[in-house]
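>>> Fold the following for me, if possible:
(one chain, ligands or ions: 1)
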Amino acid sequence: ADWITEFVTATESGRPECAPTGKYADRFAGQLVLVTGAGSGIGRATALAFAGSGARVVVVDRDAEGAARTAGLARSQGAPASWAETVDVSDEQAMEKLAEKVAAEYGVVDVLVNNAGIGLSGSFFDHTTEDWRKVLDVNLWGVIHGCRLFGRQMAGRGQGGHIVTIASAAAYQPSRLLPAYSTSKAAVLMLSECLRAELAGQGIGVTAVCPGFVNTGITATARFAGVDAEEERRRQKRAARLYGLRNYPPEKVAQAVLRAVVRDDAVVPVTVEARLFHAMSRFTPRAL
Ligand code: NAD
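Numbering: from 1, shown residues only. Down below sits the predicted model:
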């Protein structure tokens, strides 16, 4: 059997796609929430959790099909309105167009969730310059574009708001497997804290959510530096098995995001499994 297909199918259909807990029912009624990378995984679960709490949601993803699916699910979960926008967050011009369109057609975003991200594993010396650029372009520049464009609109309106970044436990747990990824997430964590300090006087909260292992499709698309395609597939399967064993659903991260916004937390670790990260850092990159 194809392990990875089984894994992805199970995560896609094996459980309800984010049943709203009711805890935050109507808490976000009337608010406009934009989630990047919401075509799958944590982003989808987060968009649906906000939808279940009464928000209008803008679903942004570079994958048009995934974004449309999430927007459809959001409507079926009670969102008063939802829109799918196909945008690559690392493309500054495309993000500028998106920000203009959202402001003109849907309004000023009350909650921005910078979630889009990509994974890349391998040793530091296997990472090419191009590898570093790709990871930083999406994981860091995507967040910079989002915060700058939508944060400026929030600040300009003068009615507060909230910005969430999905960083990672990898932001503060060194690993021999994820040099570019961890560096990008550490930068996102610091960016969030700097922005939080800057925007505090304007009623705009900024939260960095730092998940540990979460059972999503990221393992199926994660790239592995310095190996051929066959070895990459083998490692994706092993990563999927590892993440599957942890079995932490993205819906729980979504709930942590809503809670963090309500409480205005600064940094929120979710499922930080320090022991596991330490264990991983003992492996050579080959071991995954
Ligand atoms: P995922 O692969 O299921 O979802 C990522 C989504 O982002 C996908 O829909 C993808 O199409 C989209 N995306 C990727 N690059 C994009 C781009 N340039 N522009 C627009 N959309 C883009 O993975 P996930 O696990 O849900 O990851 C979401 C976030 O959570 C990422 O930032 C990831 O680094 C972070 N995270 C995940 C885990 C985990 O264990 N799954 C742990 C810590 C942090």
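>>> so what's the closest residue to R235 other than its chain neighbours up against?
What sits nearest to R235 in space, not counting adjacent residues and going by C-beta to C-beta, 6 or more residues apart in numbering, is F224, at 4.8 Å. C-beta here means a position set from N, CA and C on the backbone, and glycine is covered the same way. Each residue near F224 by C-beta atoms under 8 Å, 6 or more residues apart in numbering is listed here: 120-122, 231-232, 235-236, 288.
>>> hey, what's F224 bridged with?
Beta bridges link F224 to S121 when assigned by DSSP bridges.
>>> backbone phi and psi for the residue nearest to I144 when sequence neighbours are not counted, please?
In this structure, I144 finds its nearest non-sequential neighbour in L191, 7.0 Å apart by C-beta to C-beta, 6+ apart. Backbone dihedrals for L191, given as degrees, to the nearest 10, come out at phi -60, psi -40.
>>> for G54, same thing?
The phi and psi values for G54, taken as degrees, to the nearest 10, are phi 90, psi 0.
>>> Please identify, among the contacts of F224, the one with the most neighbours.
With neighbours taken as other C-beta atoms under 10 Å, the top of the contacts of F224 is S121, carrying 27 neighbours.
>>> Touching, it and P179? I think so.
No. With contact defined as C-beta atoms under 8 Å, S121 and P179 do not form a contacting pair (9.2 Å).
>>> Would stretch 89-100 count as contacting the ligand?
Yes. Residues of stretch 89-100 are located near the ligand by C-beta under 6 Å from any ligand atom, namely 89-90.
>>> Show me which positions of that stretch end up buried.
89-92, 94-95, 98-99 (16 or more other C-beta atoms under 10 Å).
>>> Then stretch 239-259?
The neighbour-count criterion (16+ other C-beta under 10 Å) identifies 239-240, 243-244, 248-258 as the buried residues of stretch 239-259.
>>> Flag the least confident of those.
Confidence by pLDDT is poorest for G244 among the buried residues of stretch 239-259, given 70.
>>> so that one touches N215, yeah?
Yes. Counting by C-beta under 8 Å, G244 does reach N215; the two are 5.9 Å apart.
>>> how far away is the residue nearest to E92 when sequence neighbours are not counted from the ligand?
Once flanking residues are discounted, E92 sits nearest to H145: 5.5 Å by C-beta to C-beta, 6+ apart. Here the criterion is C-beta to the nearest ligand atom, to the nearest Å. By it, H145 lies 10 Å from the ligand.
>>> check contacts around H145.
By C-beta under 8 Å, 6+ apart, the residues touching H145 are 89-90, 92, 95.
>>> run the last query once more with 7 Å
Listed by C-beta atoms under 7 Å, 6 or more residues apart in numbering, the contact set of H145 reads 89, 92, 95.
>>> Assign a three-state SS to it, would you?
Three-state assignment for H145 (DSSP: H, G, I helix; E, B strand; the rest coil): helix.
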